[in-house]
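*Asks:* Return a 3D structure for these sequence lines:
(chains A, B and C)
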Amino acid sequence: MKTEILLSREPGSPIATVTLSNPRKLNAISTAMWCSLKETMDELHRDESLRCIVIRGEGKAFAAGGDVEEFLTVRDDFESAKVYHGKWVAGALGAIVACRHPVVAMIEGPCVGGGLEIASCCDLRIAAAGAKFGAPIMKLGFTMAATELVGLVALAGPAVVLEILLEGRLFSAQEAYEKGLVTRVVLDEAVAEESYAAAGRIAKGAPLVARAHKQLVRRLVATVQALSDTETRDNFAFLDSEDYREGLKAFLEKRSPQFKGC
Amino acid sequence: MKTEILLSREPGSPIATVTLSNPRKLNAISTAMWCSLKETMDELHRDESLRCIVIRGEGKAFAAGGDVEEFLTVRDDFESAKVYHGKWVAGALGAIVACRHPVVAMIEGPCVGGGLEIASCCDLRIAAAGAKFGAPIMKLGFTMAATELVGLVALAGPAVVLEILLEGRLFSAQEAYEKGLVTRVVLDEAVAEESYAAAGRIAKGAPLVARAHKQLVRRLVATVQALSDTETRDNFAFLDSEDYREGLKAFLEKRSPQFKGC
Amino acid sequence: MKTEILLSREPGSPIATVTLSNPRKLNAISTAMWCSLKETMDELHRDESLRCIVIRGEGKAFAAGGDVEEFLTVRDDFESAKVYHGKWVAGALGAIVACRHPVVAMIEGPCVGGGLEIASCCDLRIAAAGAKFGAPIMKLGFTMAATELVGLVALAGPAVVLEILLEGRLFSAQEAYEKGLVTRVVLDEAVAEESYAAAGRIAKGAPLVARAHKQLVRRLVATVQALSDTETRDNFAFLDSEDYREGLKAFLEKRSPQFKGC
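*Replies:* Modelled structure (predicted):
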């Protein structure tokens, strides 16, 4: 099966739907999908007839993370990590934020790792009660890229993000709501209805005002000083660790990893 | 009926009450009221015998927003918007923040638009269960002024503020509490009692300590870089849009607006 | 009885326990304890075999604050306050934050003043349902040091911190959870089990990843400009007030203070 980003829009509708599709892996985001997501958002940005975008996953999942299998080849050293995170992932996340139209994340099932990063860059997050949130990458032996982490910290604050990353638990939708990760929680069977209802409310307002608010609210968040080259290199130091190799290997062999701290 | 700011204080009491009064319009804040609110807060700031201030609305409403009818005359182009928002509104909100005494907002009924802005500048917000919170200005075709938005973002974070502005829903007091917009929620009939109880607790502490804490806590929030002239101009670009004229017209004619995105 | 910091670790365990012990005063933190807490955290920082640290109080209390009795001698003027807060307290809190290992606060009973400051510098906060949170120092006539306040504001936001400091109430664990002060609340009898379960989850992840995340998440919080010398002096202006003398005196005589605002 293909891994792809699907774009659909009912004739005459002011709302477009972007679907993350990698159904064999709970919509884990492959490199091709990160690239296509950026292109899709850029294209929608240019379409002034649009009023709102809904991002969802294929079937009953939002996205279960990055495509870990790929990491062995596409993110194996500092140079490839800089391209993977700095260009592909950051490009896609940045295109969601920079898109002139408001974006609603419709979240069912797992919203994990890269999926959580995508959701955190959307403007609203409507969660099904059965959705699950987290980023248990400490079990895989790698650190989140700062360019992806900064949006999560801005959304939910440092304490919630540290909890997610240090313990590696998955949160229920209710816990995610209590901790500011999602906008609201609805019954599983109502998540599409409520997501498009929210998009519809947005679409009824003055479009220039929605666009101005999307930009202005983010402008009024205090900025974080950019990482130095040394800090960026430190961010990817895990690539040289034995634990990273062990983490990926254990994941692909479906066993528990044995970490050594080196 | 007059639109005015009322000031009262029981003889010998350490607590003053400031009342937003425009009962014909659910206490919508007129230009005269913004100016008078600033003067009143400045006057209370100078009174060292005071220990705490309660801001409330006349009757069963806090404040339903700015006085929209006035916008046709007092906020009609960039120059008048700079005075209206930069001098009158920012003056009143700044005077609440700069006032040496802690300020408690006692909130019943609608706390919307300019009312929500006032509440967000107070130090505590005690809400009646039936109070309603929001800023559905996307239905009126205009953007919130950055000088007013920055306090809301500091209070509740960018995600909650985007939700308020993009969807234009009104929140219940309970939802406002869950999202960090209010300090606590009490039964409708207990809101005055609890607001003055909170003011009383504040008044019993060491006054110099309360004043130092009010100032110091705000000092320890990371600052946002001031808007450039171009950004300020962009903030008021809606003034030249057809949608703004349509939004005001539809509101005053009590019909739904037809926005075109220009 | 001694006031001390106890350090324990089961043979072969990846988790160390640091115990705040001043049982005569609900583990109020004496100067000796602040100094020892810093030394203990520095020592644990250097131990690369460790995976996680649990900080708890002796018996059924976390810590009821600083040791107020001591203030009469060790924090009596600006010079001594600069040493007490700038060196001893800031040294201990900074050592928790700088410690390479994740730190879990296990919180029963009072978590007040200096105790709340310690908890706010930990990475996770597991609270017993009966725990109590606050910093009612307005009843003692003094202002929180900015170096201690900044962590609380980063954790829970300015509105929650102002509420704590202005009203001087104690929060229940549930209210503390709702306001972002604690990570989760469990039954009183389950607080040790859940705290060590959380530490165990952390200990099972890749250690270098936990250390990187602890550092990186804090790096991605926008920084606050350091206080000027004048601002630091203002922070301790209470030392010259009659109300500070009265506050301490009333506390030690177990009576209500009579503040005059000077």
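*Asks:* which parts of the stretch 101-250 of chain A sit against chain B?
*Replies:* Applying CB under 8 Å from any CB of the partner chain, one finds that the stretch 101-250 of chain A approaches chain B through A:102, A:123-125, A:154-155, A:157, A:177-178, A:180, A:183, A:198, A:201-202, A:204-210, A:212-214, A:216-223. No exception for glycine: its C-beta is placed from N, CA and C like everyone else's.
*Asks:* and with 6 Å instead?
*Replies:* Within the stretch 101-250 of chain A, the residues that sit near chain B (CB under 6 Å from any CB of the partner chain) are A:102, A:123-124, A:155, A:183, A:198, A:201-202, A:205-210, A:212-213, A:217, A:220-222.
*Asks:* Relative to chain C, which residue of the stretch 101-250 of chain A is the closest?
*Replies:* A:M138 (3.0 Å; CB to the nearest CB).
*Asks:* leaving aside the residues next to it on the chain, what's closest to that residue?
*Replies:* In space, and not counting its chain neighbours, A:M138 is closest to C:G205: 3.0 Å by CB to CB, 6 or more residues apart in numbering or on different chains.
*Asks:* Show the pLDDT at the one you found.
*Replies:* pLDDT for C:G205: 98.
*Asks:* just the strands in the stretch 51-200 of chain A please.
*Replies:* Using DSSP state E, counting those that start in this stretch, the strands of the stretch 51-200 of chain A run over residues A:52-57, A:103-107, A:110-112, A:124-128, A:132-134, A:171-172, A:184-186.
*Asks:* Export the ones you listed to JSON lines and append columns for mean neighbour count and distance to C:R245.
*Replies:* Formatted as JSON lines, these follow (neighbours: other CB atoms under 10 Å in any protein chain shown; distance: least, CB to CB, whole Å):
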{"stretch": "strand A:52-57", "mean neighbour count": "25", "distance to C:R245": "61"}
{"stretch": "strand A:103-107", "mean neighbour count": "29", "distance to C:R245": "56"}
{"stretch": "strand A:110-112", "mean neighbour count": "28", "distance to C:R245": "56"}
{"stretch": "strand A:124-128", "mean neighbour count": "28", "distance to C:R245": "52"}
{"stretch": "strand A:132-134", "mean neighbour count": "25", "distance to C:R245": "51"}
{"stretch": "strand A:171-172", "mean neighbour count": "18", "distance to C:R245": "49"}
{"stretch": "strand A:184-186", "mean neighbour count": "19", "distance to C:R245": "51"}
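*Asks:* Can you lay out those strands as TSV showing mean pLDDT?
*Replies:* Output for the strands of the stretch 51-200 of chain A, formatted as TSV (pLDDT from 0 to 100):
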stretch	mean pLDDT
strand A:52-57	98
strand A:103-107	98
strand A:110-112	98
strand A:124-128	98
strand A:132-134	98
strand A:171-172	98
strand A:184-186	98
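*Asks:* what's the closest of those to C:A16?
*Replies:* Nearest of the strands of the stretch 51-200 of chain A to C:A16, taken as CB to CB: strand A:132-134 at 26.4 Å.
*Asks:* Identify the neighbouring strands of that closest one in the sheet and state each direction.
*Replies:* Paired neighbours of strand A:132-134 in the sheet (DSSP bridges): strand A:110-112 (parallel), strand A:171-172 (antiparallel).
*Asks:* Could you count how many residues lie near the residue nearest to A:M138?
*Replies:* By other CB atoms under 10 Å in any protein chain shown, 27 other residues sit near C:G205.
*Asks:* For stretch A:172-179, list every residue counted as buried.
*Replies:* A:S172, A:A173, A:E175, A:A176, A:Y177, A:E178, A:K179 (16 or more other CB atoms under 10 Å in any protein chain shown).
*Asks:* lowest average confidence, helix or strand, in chain A?
*Replies:* One helix or strand of chain A scores below all others by mean pLDDT, DSSP states H and E: helix A:68-74, with a mean of 92.
*Asks:* other SSEs contacting it?
*Replies:* Judged by 3 or more CB pairs under 6 Å, 6 or more residues apart in numbering or on different chains; DSSP states H and E, helix A:68-74 is in contact with no other helix or strand.
*Asks:* which outside residues touch that helix?
*Replies:* Helix A:68-74 has contacts (CB atoms under 6 Å, 6 or more residues apart in numbering or on different chains) with A:T31, A:Y84, A:F251.
*Asks:* Which positions in it come out as buried?
*Replies:* A:V68, A:E70, A:F71, A:V74.
*Asks:* cool, and stretch A:191-207?
*Replies:* A:191-192, A:194-196, A:198-207.
*Asks:* Of these, which belong to helices?
*Replies:* The helices, defined by DSSP state H, take in A:191-192, A:194-196, A:198-204, A:207 from the buried residues of stretch A:191-207.
*Asks:* what about A:D188, neighbour count?
*Replies:* 16.
*Asks:* ok, it to B:K60 distance?
*Replies:* Relative to B:K60, A:D188 is positioned 39 Å away (CB to CB, to the nearest Å).
*Asks:* likewise A:V74?
*Replies:* Relative to B:K60, A:V74 is positioned 61 Å away (CB to CB).
*Asks:* if we can go back for a sec, how far away is the residue of the stretch 101-250 of chain A closest to chain C from chain B?
*Replies:* Distance from A:M138 to chain B, counting by CB to the nearest CB, to the nearest Å: 25 Å.
*Asks:* Now do the residue lying closest to A:N235 once chain neighbours are set aside, the pLDDT please.
*Replies:* Excluding the flanking residues, the one nearest A:N235 by CB to CB, 6+ apart is A:A146, at 5.3 Å. What the model reports as pLDDT for A:A146 is 98.
*Asks:* do the same with A:M1
*Replies:* In this prediction A:M1 is given a pLDDT of 64.
*Asks:* Ok, the one 3 residues further on next?
*Replies:* Among the per-residue scores, A:E4 shows a pLDDT of 95.
*Asks:* What is the burial count for the closest residue to it other than its chain neighbours?
*Replies:* Among residues not flanking A:E4 along the chain, A:S21 sits closest, at 5.1 Å (CB to CB, 6+ apart). A count of neighbours around A:S21, defined by other CB under 10 Å, yields 20.
*Asks:* Same question for A:V150.
*Replies:* 23.
*Asks:* Was I right to think it contacts C:L220?
*Replies:* Yes - counting by CB atoms under 6 Å, C:L220 is a contact partner of A:V150 at 4.9 Å.
*Asks:* ok so, going back, export the ones in helices among the buried residues of stretch A:191-207 to a markdown table and append columns for distance to chain C.
*Replies:* What follows is these, written out as a markdown table (distance: CB to the nearest CB, whole Å):
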| residue | distance to chain C |
| --- | --- |
| A:V191 | 25 |
| A:A192 | 30 |
| A:E194 | 24 |
| A:S195 | 26 |
| A:Y196 | 30 |
| A:A198 | 24 |
| A:A199 | 29 |
| A:G200 | 31 |
| A:R201 | 27 |
| A:I202 | 26 |
| A:A203 | 32 |
| A:K204 | 31 |
| A:P207 | 31 |
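*Asks:* what sits up against the biggest helix by length in chain A?
*Replies:* Determined from DSSP H, the single longest helix within chain A is helix A:31-46. Contacts with helix A:31-46, where a contact means CB under 6 Å, 6+ apart, come from A:3, A:5, A:7, A:16, A:18, A:50, A:53, A:74, A:88-89, A:91-92, A:95-96, A:99-100.
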